[in-house]
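> pasted the sequence and its predicted model underneath.
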Amino acid sequence: MIFYMNGYLWRVEFVSPDSDLLVDRTGTLTVATTDPTTYRIYLSNALEGEFLIRVLVHELGHSVMVSYSLLDDIHRMVYPNHWIEAEEWVCNFIANYGLQIFTTAYSILGYEAIDILPNELERLIV
């Protein structure tokens, strides 16, 4: 699967749960990783359902940070020893609360939300 983010071509690949591609920057085997140098998101092929969606949204958060050069902003605002933790917090915030935020905006603004929310999210909510 491929998608574009701010002109960058990203690929999403499902891999074995024990793949080395799922080892994160801290050396921990995880369920998903994002590689900013190859523009790839790796997801364990054992993921499914709501957890798969939340993990994918989390990793898309990383792709947004890379594609829009937002990591420099995070790095400017927090001490270097907290960079990874801050990046992960932002991505968890998006994955855990993003849909609720946009769903609520849609419920308040109705069809006017089309002017505010990205078209892709609008199709998801409707």
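It's in.

> checking His75 next. Helix, strand or coil?
Of the three states, His75 takes helix according to DSSP: H, G, I helix; E, B strand; the rest coil.

> give me the neighbour count for the closest residue to it other than its chain neighbours.
Among residues not flanking His75 along the chain, Trp83 sits closest, at 5.6 Å (Cβ to Cβ, 6 or more residues apart in numbering). C-beta here means a position set from N, CA and C on the backbone, and glycine is covered the same way. Using other Cβ atoms under 10 Å as the criterion, Trp83 is surrounded by 15 other residues.

> in a helix, Trp83, correct?
Yes - when three-state DSSP is applied, Trp83 is found to be in a helix.

> wait, it sits on Ile74?
Yes - between Trp83 and Ile74 there is a contact under Cβ atoms under 8 Å: 6.6 Å.

> need the single longest strand in the protein, by residues.
The residue-count maximum for a strand in the chain (DSSP state E) belongs to strand 8-15.

> that strand: partners in the sheet, and parallel or antiparallel?
Sheet pairing of strand 8-15 (DSSP bridges) gives strand 2-5 (antiparallel), strand 40-44 (parallel).

> pLDDT below threshold where in this structure?
Within the chain, the ranges that satisfy pLDDT under 70 run 111, 113-126.

> so where do the helices sit in it?
49-67, 71-77, 83-109, 119-125 (DSSP state H).

> how about the second one: buried residues?
Which is helix 71-77. Ile74 (16 or more other Cβ atoms under 10 Å).

> check what contacts that helix and list those residues.
Met65, Trp83, Ala86, Glu87, Val90 (Cβ atoms under 8 Å, 6 or more residues apart in numbering).

> check contacts around Ser16.
So, once contact is read as Cβ under 8 Å, 6+ apart, Ser16 ends up touching Ser44, Asn45.

> Ile2 bridge partners, please.
Arg11.

> tally of neighbours for it?
9.
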